[in-house]
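Participant: 3D, please:
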Amino acid sequence: MIKIENIRVEGFEEAVRGARQSWNSHDRSDSRPEYTVENGVRIYVGLGDADKALLLKLVKAGDAHAKCMRMVTVWFDLTAPIFMWKHLDTYKHMVKCSESVMHTITARDLRLEDFTHSDIRTESMIGRTIQQLNDWVRCYKTSETPEEKKLFWRCIVELLPQSYMQKATICTNYQTLRTMYHQRKGHRLEEWQQFRKWIESLPYSELITGAVADGESN
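Facilitator: Numbering: from 1, shown residues only. Below is the predicted model:
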């Protein structure tokens, strides 16, 4: 299970201007600077039919033609297990500022809700692991020498399961999300399917989810 919050999307007006630059067709633009607010989030709703058709045409032609989609910037907070972050870190054009395990893992006792678990068997194993981790957290806090603290901290990070949920603020763009969306289709991790479902909820998500062009690298 993942959690996505504090979503912000900006840059459609700039992307349209960029798309119109090649043929200097700004006179054909039919978009408007119109926004709405839903759940406290400012959402662009002014994309015109002609501009939308142009962007879809460029997207279908492939990333090299649709580089203006990098101008549509997306910010959000993602809480996900470490094993998913390993996949996310492979993508370019993504800035991530995450919680620091080094600084936060000993701040308090760990709880079952700090981890993802899909089965009673993994839940039981994680529970036993949490007990050991918390024993080491207490040893870390009561250690009297830097050497002891370093030893117990090392024990904690070495045993920490990949199912540990880590939170990060991400800045990326529609073109990168498009790559993620198509590459992770059918992925065995449920978290990726949840992430793809969230992408489908973004404004004008058809610019991301549309069919991949022949020969496109996605």
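
Participant: OK, contacts around Ser163?
Facilitator: Under the criterion of Cβ atoms under 8 Å, 6 or more residues apart in numbering, the neighbours of Ser163 are 81-83, 115-117, 122, 126. Any C-beta I mention is one placed from the backbone N, CA and C, and that applies to glycine too.

Participant: what's the spacing between Asp119 and Met125?
Facilitator: Distance, Asp119 to Met125, by Cβ to Cβ, to the nearest Å: 10 Å.

Participant: Pick out whichever of the two has more residues nearby.
Facilitator: Comparing Asp119 with Met125 by other Cβ atoms under 10 Å, the one with more neighbours is Met125, at 14 against 8.

Participant: Against Gln131, how distant is the more buried one?
Facilitator: Using Cβ to Cβ, we find Met125 at a distance of 11 Å from Gln131.

Participant: list residues touching both of the two?
Facilitator: Counting by Cβ under 8 Å, 6+ apart, no residue touches both Met125 and Gln131.

Participant: Now the closest residue to Lys96 other than its chain neighbours: phi and psi?
Facilitator: Closest residue in space to Lys96, ignoring its immediate chain neighbours: Ala168 at 4.9 Å, by Cβ to Cβ, 6 or more residues apart in numbering. Ala168 adopts backbone torsions of phi -150, psi 150, taken as degrees, to the nearest 10.

Participant: quick one: the strands in the protein?
Facilitator: Secondary structure of the chain, counting by DSSP state E: strands at 3-10, 35-38, 41-44, 73-81, 95-98, 165-173.

Participant: Of all those, which one is nearest His65?
Facilitator: With Cβ to Cβ, the closest approach to His65 among these belongs to strand 165-173: 15.5 Å.

Participant: Report the buried residues of that closest one.
Facilitator: The neighbour-count check on strand 165-173 (16 or more other Cβ atoms under 10 Å) flags 165-166, 168, 170, 172-173 as buried.

Participant: tell me the mean pLDDT over that strand?
Facilitator: In this model, strand 165-173 has a mean pLDDT of 97.

Participant: from the chain's centre, how far out does the top helix by length along the chain sit?
Facilitator: Ranked by residue count under DSSP state H, the longest helix found in the chain is helix 120-142. How far helix 120-142 lies from its chain's middle: 28 Å, per Cα atoms, centre = their mean, to the nearest Å.

Participant: What is that helix packed up against?
Facilitator: Here helix 120-142 touches helix 146-159, going by 3 or more Cβ pairs under 8 Å, 6 or more residues apart in numbering; DSSP states H and E.

Participant: which residues touch the helix it packs on?
Facilitator: Contacts of helix 146-159 (Cβ under 8 Å, 6+ apart): 101-102, 105-106, 129, 132-133, 136-137, 139-140, 143.

Participant: Please repeat the previous calculation with a cut-off of 6 Å.
Facilitator: The contact list for helix 146-159, computed with Cβ atoms under 6 Å, 6 or more residues apart in numbering, reads 105, 133, 136, 139-140, 143.

Participant: farthest residue from the center of this protein?
Facilitator: The centre of the chain is farthest from one residue, Glu144, which by Cα atoms, centre = their mean lies 40.1 Å away.

Participant: That one: what's it in contact with?
Facilitator: By Cβ under 6 Å, 6+ apart, Glu144 lies in contact with nothing.

Participant: Could you measure from it over to Asn24?
Facilitator: 72 Å.
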